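Q: structure of the sequence below:
(chains A and B)
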Amino acid sequence: MPNYMLFLHQDLERPRPAAPDDFMPMIKEYAEWADKMRSAGHMKGGEKLADDAGRVIRHKGGRITVTDGPYAESKELVGGYFVLSAKDYDEVCQLAESCPHLKFGGRIEIRQIEGMANG
Amino acid sequence: MADANLLVDDLFRREAGRISAWLARLLGPGRLALIEDAVQDAFGAALARWPIDGIPGRPAAWLAVAARNKALDGLRREVKLDQFDESAAWRLGFSNPEETGGLDDTLALMFVACHPALERDEQTMLTLQTVCGFSVREIARAYLSTPEAVTQRLVRAKRKIRELGLAFEIPGASQMEARLPALIEAVYLLFNGGYTSGAGADLIACELCAEALRLATLLTAHPATATGECHALAALVCFHHARAGARTGDTGALILLERQDRAMWDHNLIRRGCEHLRDAMTSRELTAIHLEAAIASVHAAAQSFEETDWAMLSRHYSMLEELKPTPVVRLNAAIALAHADSPAAGLARLDALDGARKLANYALYHSARGDLLLKLGRAHDAAAAFSRALGCELNDAERTHLEGRLQSCVMPLS
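A: Have a look, this model is predicted:
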């Protein structure tokens, strides 16, 4: 079965829970969803990415330049990712539907990871 | 449902340390107190839920998930102290509860628990609690202390770790030489505490030895810590632990090496000990632990007590005496000499040690003298020596043995 990368985009203009006390139940929901995917054998990995702009490094005019990432001025950023294994895009989309990220106003971008055709 | 209770007890010993080490990586060693509470609560929840809901399909994973959720609750309580750490909360949220028990995590936790900023008994107590999953009550029993006193020491140790902001890592090569001895020392003390438990507490003693064996083996399993001395430590623990089953009789009475049924020794463990001893020789230096392991190997290799290579033992002991001239080592060296040379030579050496203040209250010293005096036909002096031994601190098995020896002075056996 192929693996799919789920990019968890989050809207920076949307207010987040202000009190940490409201924050923890939200984190717990992510954890519980990941547990559910894991026990069903779909979860292959995932991590939270730091809430910063990141860096972009490129080759330009014969030298390497490093600049702030695209998120410095963006209204959204990729806050984390999951990797799920699924039969096809239909199945992975169905699995992703229950991800609490959507409920909390985020957007999930799904991309298939290139792998062995019959893997 | 007794099943669930037994299962939880068993799992606690196996899983608590694995879960603690995993959580310590995610939350940092400054939160050891929070982690300890979370792990305790998770097992408490299992005890409450499993008898009603049934035992989950994968109990260890269930416990890890429960501990992680309790840890999230713990972080939430930190909010009230105005120290909310959002990153730590997310690390927990995205964590994989099936990743507990990694060798790197367990070793990193050992390096935290055995940090040089802590005192020696804080190091061993903290290792027992966080790495081995011993309860405060069990630690108190092992150290002949009270639960209150142990709790106080553990709280102080965890506070030190938090205040110093210790990192959760296996030290790099440049620091290893300075940091590893504390771990070796802690495992050695665990083992020693188990091997010669003060008063009673046989079960705890056996578990201390089993933990020492697990931790010593663990040190030799990681390339960063698999030094010659760690292999020597593992060999020493293997050889001694191999005799555990033969050391006490059905009634709990102590059976001395001389009378042990060698068929009851764990020969697989002895083989493992020999392998570790071979790997220990890759060391650049010969340490006291190397010699202690070599001594244990001589005993392990002998088919019977009579066939023990006493000359070899006596040579090992003389070398050990130079590196570690403690009264107890010198006592054992004298006993080895008595076997290798003559009872009279051994007795002369023992009598020369009489001034060693520490030995005056050490039962083995007096009982060894009694044994030699009896061999030399001085039953009256032997009886006096055994009586003095009986006046020292003893566990029940030792007391029974010594009373028997005293009897045989009064009525010498044929």
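
Q: which parts of chain B sit against chain A?
A: B:65, B:68-69, B:72-73, B:75-76, B:79, B:84, B:86-87, B:89-98 (C-beta under 8 Å from any C-beta of the partner chain). To be clear about C-beta, it is placed using only N, CA and C from the backbone, and glycine gets the same treatment.

Q: which residues of the stretch 301-414 of chain B score low on pLDDT?
A: By pLDDT under 70, the weakly predicted segments of the stretch 301-414 of chain B are B:354-357, B:412-414.

Q: isn't there a strand covering residue A:9?
A: Yes. Under DSSP: H, G, I helix; E, B strand; the rest coil, residue A:9 falls within a strand.

Q: chain B versus that one, what's the distance?
A: 16 Å (C-beta to the nearest C-beta, to the nearest Å).

Q: burial count for the residue nearest to that residue when sequence neighbours are not counted?
A: Closest residue to residue A:9 apart from its sequence neighbours, by C-beta to C-beta, 6 or more residues apart in numbering or on different chains: residue A:107 at 4.3 Å. By the criterion of other C-beta atoms under 10 Å in any protein chain shown, residue A:107 has 13 neighbours.

Q: so residue A:107 sits against residue A:11, correct?
A: Yes. Using C-beta atoms under 8 Å, residue A:107 is in contact with residue A:11, at 7.5 Å.

Q: how about residue B:282, secondary structure?
A: Of the three states, residue B:282 takes coil under three-state DSSP.

Q: what sits against it?
A: By C-beta atoms under 8 Å, 6 or more residues apart in numbering or on different chains, the contact set of residue B:282 is B:228, B:231.

Q: let's see that with 10 Å instead.
A: B:226, B:227, B:228, B:231 (C-beta atoms under 10 Å, 6 or more residues apart in numbering or on different chains).

Q: ok, and the most crowded of those?
A: Neighbour counts for those (other C-beta under 10 Å) peak at residue B:231, which has 25 neighbours.

Q: distance-wise, check it relative to residue B:237.
A: 11 Å (C-beta to C-beta, to the nearest Å).

Q: all the helices of the stretch 51-200 of chain B, in order from the start?
A: For the stretch 51-200 of chain B, helices defined by DSSP state H, counting those that start in this stretch occupy the ranges B:59-78, B:86-93, B:103-113, B:120-126, B:136-142, B:147-164, B:173-195.

Q: shared neighbours of residue B:231 and residue B:237, anything?
A: By C-beta under 10 Å, 6+ apart, the residues touching both residue B:231 and residue B:237 are B:216, B:276, B:289, B:293.

Q: export those residues as a markdown table, with columns for secondary structure.
A: Below are the shared contacts of residue B:231 and residue B:237 laid out as a markdown table (three-state DSSP):
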| residue | secondary structure |
| --- | --- |
| B:216 | helix |
| B:276 | helix |
| B:289 | helix |
| B:293 | helix |
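
Q: quick check, nearest of those to residue B:315?
A: When the shared contacts of residue B:231 and residue B:237 are compared for distance to residue B:315 (C-beta to C-beta), residue B:293 wins out at 14.7 Å.

Q: what ranges do the strands span in chain A?
A: A:3-11, A:43-48, A:55-60, A:63-68, A:76-85, A:107-112 (DSSP state E).

Q: now mean pLDDT too, for these, in TSV please.
A: Shown next, in TSV, are the strands of chain A (pLDDT from 0 to 100):
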stretch	mean pLDDT
strand A:3-11	94
strand A:43-48	94
strand A:55-60	90
strand A:63-68	90
strand A:76-85	93
strand A:107-112	96
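
Q: so what touches stretch B:255-273?
A: With C-beta under 10 Å, 6+ apart as the criterion, stretch B:255-273 contacts B:213, B:217, B:234-249, B:293, B:296-297, B:299-306, B:308, B:367, B:371, B:397-398, B:401, B:405.
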